[in-house]
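> Have a look; sequence and predicted model below, questions after that.
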Amino acid sequence: MKRFLAGASVTLAAAILACCSSSPSPRTANGQDSLNDETQAALNQFRQADPSMQSFLNNSYSYVVFPNVKEGAVGVGGAYGKGQVFQGNRMIGYADLSQANIGVQLGGQSFAEIVAFQNAGAFDQFRNGQLSFDARASAVAAAAGAASAADYQKGVAVFTTAQSGLMVQAAIGGQKFRYENTNGMANER
């Protein structure tokens, strides 16, 4: 029991520290280049898994790509990742995703996630820090034809693809997002 509580405490502390990151954007040119490279690699991975993904993104008002979200849990869990926000094919900002959950869960994994917005209203909710949800409940796994069959829920569609690790999970929690435009101006409430 002590080992379980120690592991849960470490995981919770890591999740809290990740959630308190100072900014969604990388602060160095190398960090920005690295995130851009990871984002392009993740987009290519989604396109290879589902050729209809590009058409879906082209028809979206805007979208955010989180190329490498890390998640870990021992009873209490958390996840964190940074991404780039696009409107059309133009990068307009940065975002970060934080997640906390509790329940029966054990392990660690990394995954890529795309959050697409159907219209300006849905994007404004994201941009203003008013969007949060349980992505596991509404995400579509990247697979051939998944994007062409996907529906927006309340103006938002979520796609994920596993990268590595193994997670056993029956937990309750949710994702929260922060946005910062390319000028370094955060839009949060």
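On my side now, so go ahead.

> now the helices for the protein?
Assigned by DSSP state H, the helices in the chain fall at 2-19, 29-49, 53-59, 120-127, 135-138, 146-149.

> least reliable of those helices going by mean pLDDT?
Lowest mean pLDDT within those: helix 2-19, at a mean of 45.

> Determine the longest strand present in the protein.
Assignment by DSSP state E gives strand 90-117 as the longest strand of the chain.

> For that one, which strands pair with it and how are they oriented?
Sheet neighbours of strand 90-117, with direction, are listed as strand 62-87 (antiparallel), strand 156-181 (antiparallel) (DSSP bridges).

> relative to helix 120-127, how tilted is that strand?
With axes from the mean of the first three to the mean of the last three Cα atoms, to 10 degrees defining the directions, strand 90-117 sits at 100 degrees from helix 120-127.

> Can you give me the pLDDT of residue 134?
53.

> actually residue 139, not the one I typed
56.

> By mean pLDDT, show me the worst of the strands paired with strand 90-117.
Across the strands paired with strand 90-117, strand 156-181 gives the lowest mean pLDDT, at a mean of 70.

> thinking again about what came up before, report the mean per-residue pLDDT for the longest strand of the chain.
82.

> Show me what the residue nearest to residue 24 when sequence neighbours are not counted is bridged to.
In this structure, residue 24 finds its nearest non-sequential neighbour in residue 96, 4.0 Å apart by Cβ to Cβ, 6 or more residues apart in numbering. The C-beta positions use only the backbone N, C-alpha and C, and glycine is treated the same way. Beta-bridge partners recorded for residue 96 (DSSP bridges): residue 82, residue 178.

> tell me the contacts of residue 96?
Contact analysis of residue 96 by Cβ atoms under 8 Å, 6 or more residues apart in numbering lists 21, 24, 80-83, 177-178.

> For ChimeraX, write the selection for the buried entries among those residues.
Buried members of the contacts of residue 96, defined by 16 or more other Cβ atoms under 10 Å, are picked up in ChimeraX with:
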select :24,80,81,82,83,177,178
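
> Restrict stretch 89-103 to CA atoms and write it as CSV.
The C-alpha trace of stretch 89-103 is given here as CSV (Å, rounded to 0.1, in the frame of the first residue of the first chain):
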residue,chain,number,x,y,z
ASN,A,89,-2.2,25.5,-43.5
ARG,A,90,-0.9,28.5,-41.5
MET,A,91,0.4,28.1,-38.0
ILE,A,92,-1.3,30.7,-35.8
GLY,A,93,-0.3,29.8,-32.3
TYR,A,94,0.7,27.3,-29.7
ALA,A,95,-1.4,25.3,-27.2
ASP,A,96,-0.8,22.9,-24.3
LEU,A,97,-3.0,20.1,-23.0
SER,A,98,-3.1,19.0,-19.4
GLN,A,99,-5.1,16.1,-18.0
ALA,A,100,-5.7,14.8,-14.6
ASN,A,101,-7.7,11.7,-13.7
ILE,A,102,-8.4,9.3,-10.9
GLY,A,103,-9.6,5.7,-11.0
